[in-house]
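Engineer: dropping a prediction and its sequence here:
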Amino acid sequence: MNIALVGYGKMGHEIEKIARERKHNIVSIIDIDNQEDFDSNDFLHHTDVAIEFTRPETAFPNYMKCFERNIPVVTGTTGWLQHLEKIKKECQENKQTFFYASNYSIGVNLFFALSKFLAKMMNNFSQYDVSIEEVHHVHKLDSPSGTAITLSEGIIENINRKTFSNLSIRSKREDEVPGIHTVIYRSEADIISIRHNANNRKGFALGAILAAEYIQKKTGFLTMNDLLKPILI
Ligand SMILES: NC(=O)C1=CN([C@@H]2O[C@H](COP(=O)(O)OP(=O)(O)OC[C@H]3O[C@@H](n4cnc5c(N)ncnc54)[C@H](OP(=O)(O)O)[C@@H]3O)[C@@H](O)[C@H]2O)C=CC1
Ligand SMILES: O=C(O)C1=N[C@H](C(=O)O)C[C@H](O)C1
């Protein structure tokens, strides 16, 4: 597979390593200072997928640049969801290919499923209040994290008494923490909590490559639910 990396920061570098281990080719690397390479021969004619990890405000313009050139996109950038409906429309009306996950780690996606299961049970136990905590490195630009937003959606879907306005999400920024997410249920009598703690960025990067492999010859708006459907209970 021929990959164009859009964004060559912490994730871009980690994805490059795993892509090469899996024998994929990196045909172009587009960062902030070589935007003209969106029109290079390699990007236009030799790219199977663009893997985009940049910044909240640059993500949507980058997606549109890829769509204008009919290049499929796998993205993990968070903090751009105000444009979600426009992206879905592009996929539907113009047959573009777009894969988004707030978190590409397989472990986190198991954690999402576990959190939904726990939320379903907790729907019947109103003595518990639920909250989310997330901890990330000090360089992170968006808050709450994309992962915390996905966790909150899974909880709100399953607990009738919870809404976005009464579900507390606490965000902390500390040192170089790759990402810790905790879902906490507190009653007067006890506390139940579940936590995912990323040791490094390898899981995110591998998930993005698996997504890029998965979307080959597919169109539409795709997510980890599509990718993991055959193996998640
Ligand atoms: N979904 C997931 O599993 C994960 C998502 N993320 C998300 O991915 C995003 C990137 O994370 P990370 O790699 O750690 O961040 P970094 O800041 O390390 O890297 C972002 C890179 O994008 C570059 N950049 C800025 N603007 C553009 C542009 N217009 N076009 C191309 N490149 C540009 C930056 O350059 P410069 O530094 O010069 O601005 C930088 O090199 C964040 O939104 C983060 O939340 C992170 C990990 C996992
Ligand atoms: O910015 C990060 O680093 C991360 N961002 C994603 C998020 O916002 O949830 C995924 C992961 O937690 C790392």
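Structural biologist: Great, that's in hand. Ligands and ions are numbered 1, 2, ... in the order given.
Engineer: domains for this protein, by residue range?
Structural biologist: Domain assignment for the chain, taken from automatic domain parsing, gives 2-104+202-228, 106-197.
Engineer: quick one: which of those is nearest ligand 1?
Structural biologist: domain 2-104+202-228 (1.8 Å; CB to the nearest ligand atom). Where you see a C-beta, it was placed from the backbone N, CA and C, and this is true even at glycine.
Engineer: does stretch 170-181 come close to ligand 2?
Structural biologist: Yes - Stretch 170-181 is in contact with ligand 2 by CB under 6 Å from any ligand atom, via residue 179.
Engineer: at which residues are the helices of the protein located?
Structural biologist: 10-21, 41-45, 56-68, 84-94, 106-122, 146-158, 202-215, 224-228 (DSSP state H).
Engineer: of all those, which lies closest to ligand 2?
Structural biologist: It is, among those and with distance given as CB to the nearest ligand atom, helix 146-158, at 3.3 Å.
Engineer: who's in contact with the residue most central in space within the chain?
Structural biologist: A centroid search over the chain (CA atoms, centre = their mean) returns residue 102, at 2.2 Å, as the residue closest to the centre. Shown in contact with residue 102 (CB atoms under 8 Å, 6 or more residues apart in numbering): 76, 78, 145-147, 149-150.
Engineer: circling back to that earlier point, ok, which of the helices of the chain comes nearest residue 191?
Structural biologist: helix 106-122 (12.7 Å; CB to CB).
Engineer: neighbouring contacts of the closest one?
Structural biologist: Under CB under 8 Å, 6+ apart, the answer for helix 106-122 is 101, 103, 128, 130, 147, 150-151, 154-155, 157-159, 181, 183, 185, 192, 194, 196, 198, 203, 206-207, 224, 228, 232-233.
Engineer: what's the angle from that helix to helix 202-215?
Structural biologist: Inter-element angle recorded for helix 106-122 and helix 202-215: 90 degrees (by axes from the mean of the first three to the mean of the last three CA atoms, to 10 degrees).
Engineer: picking up where we left off before, columns mean neighbour count on top of the helices of the chain, output as CSV?
Structural biologist: As requested, those are exported to CSV (neighbours: other CB atoms under 10 Å):
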stretch, mean neighbour count
helix 10-21, 18
helix 41-45, 14
helix 56-68, 18
helix 84-94, 14
helix 106-122, 18
helix 146-158, 20
helix 202-215, 21
helix 224-228, 18
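Engineer: mind putting those helices in a markdown table, mean pLDDT and distance to ligand 1 included?
Structural biologist: Shown next, in a markdown table, are these (pLDDT from 0 to 100; distance: least, CB to the nearest ligand atom, whole Å):
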| stretch | mean pLDDT | distance to ligand 1 |
| --- | --- | --- |
| helix 10-21 | 98 | 3 |
| helix 41-45 | 97 | 12 |
| helix 56-68 | 98 | 4 |
| helix 84-94 | 97 | 15 |
| helix 106-122 | 98 | 8 |
| helix 146-158 | 98 | 6 |
| helix 202-215 | 98 | 4 |
| helix 224-228 | 96 | 10 |
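Engineer: any chance of these in JSON lines, plus distance to ligand 2?
Structural biologist: Below are these laid out as JSON lines (distance: least, CB to the nearest ligand atom, whole Å):
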{"stretch": "helix 10-21", "distance to ligand 2": "7"}
{"stretch": "helix 41-45", "distance to ligand 2": "25"}
{"stretch": "helix 56-68", "distance to ligand 2": "10"}
{"stretch": "helix 84-94", "distance to ligand 2": "15"}
{"stretch": "helix 106-122", "distance to ligand 2": "7"}
{"stretch": "helix 146-158", "distance to ligand 2": "3"}
{"stretch": "helix 202-215", "distance to ligand 2": "6"}
{"stretch": "helix 224-228", "distance to ligand 2": "12"}
